[in-house]
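In: Here is my input, please return the structure:
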Amino acid sequence: MQNLNVDQYEKETLEAFGKLSKNEQELVKQRANGEKADTVVTWLLWLFLGMWGAHRFYLKRNNAILMLVLTIIGYLTAILLVGFLILLITWVWWIVDAFHINQFLKQNRLDALHDSILFITNQTVDSINHGKNNSVDVDSDDITDFSHPQK
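Out: As a prediction, this is how the structure comes out:
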């Protein structure tokens, strides 16, 4: 993702998607559906392997390795009692992630759409948005959901 906030990233990606032909939109949606993370899998990974950062690895999030290493170090040093503090930190981090998973999933869907636009059109979102003057209104719920084909 670019160094933009998620709302701006979504706006730019959906604007570029709306400028594509109907055929290109269908191809982009098909590819993006195959690339995006599954919500149920993400939540199951968080629930059962979240302390180890499995959900972060699956979503290709930053600090997944850090979470894994802290958990390993925490368990290895639990005998010295200092490990319990480290495990407490990773446990809090794991719980906090539960409140961010939906945002992570939204980011993942946008990344899949963004990458698919580049792959199908061989143009960046920025070049599509600034290279053409036509504008099409796009329903963001329909596009980022990917479960219903656009009419």
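In: Which residue is most remote from the mean position of the protein?
Out: residue 80 (37.5 Å; Cα atoms, centre = their mean).
In: what's the helix or strand for the most centrally placed residue in the chain?
Out: Nearest to the mean C-alpha position of the chain, counting by Cα atoms, centre = their mean, stands residue 108 at 1.8 Å. Per DSSP states H and E: residue 108 is located in helix 82-121.
In: mean confidence for that helix?
Out: Helix 82-121 shows an average pLDDT of 96 in the prediction.
In: Buried residues of that helix, list them for me.
Out: With burial defined by 16 or more other Cβ atoms under 10 Å, the residues of helix 82-121 counted as buried are 83, 86-87, 90, 93-94, 97, 101, 104-105, 107-118, 120-121. Any C-beta I mention is one placed from the backbone N, CA and C, and that applies to glycine too.
In: could you say what helices and strands it packs with?
Out: Counting contacts by 3 or more Cβ pairs under 8 Å, 6 or more residues apart in numbering; DSSP states H and E, helix 82-121 packs against helix 6-18, helix 22-35, helix 39-49, helix 54-58, helix 64-76, helix 125-131, helix 140-145.
In: ranking those helices by burial, who's on top?
Out: helix 54-58 (a mean of 21; mean count of other Cβ atoms under 10 Å).
In: would you list the helices and strands packed on helix 82-121 in a markdown table and tack on mean pLDDT?
Out: What follows is those, written out as a markdown table (pLDDT from 0 to 100):
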| stretch | mean pLDDT |
| --- | --- |
| helix 6-18 | 93 |
| helix 22-35 | 95 |
| helix 39-49 | 98 |
| helix 54-58 | 98 |
| helix 64-76 | 97 |
| helix 125-131 | 90 |
| helix 140-145 | 53 |
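In: Now residue 63: phi and psi?
Out: phi 70, psi 10 (degrees, to the nearest 10).
In: Residue 114 versus that one, what's the distance?
Out: 22 Å (Cβ to Cβ, to the nearest Å).
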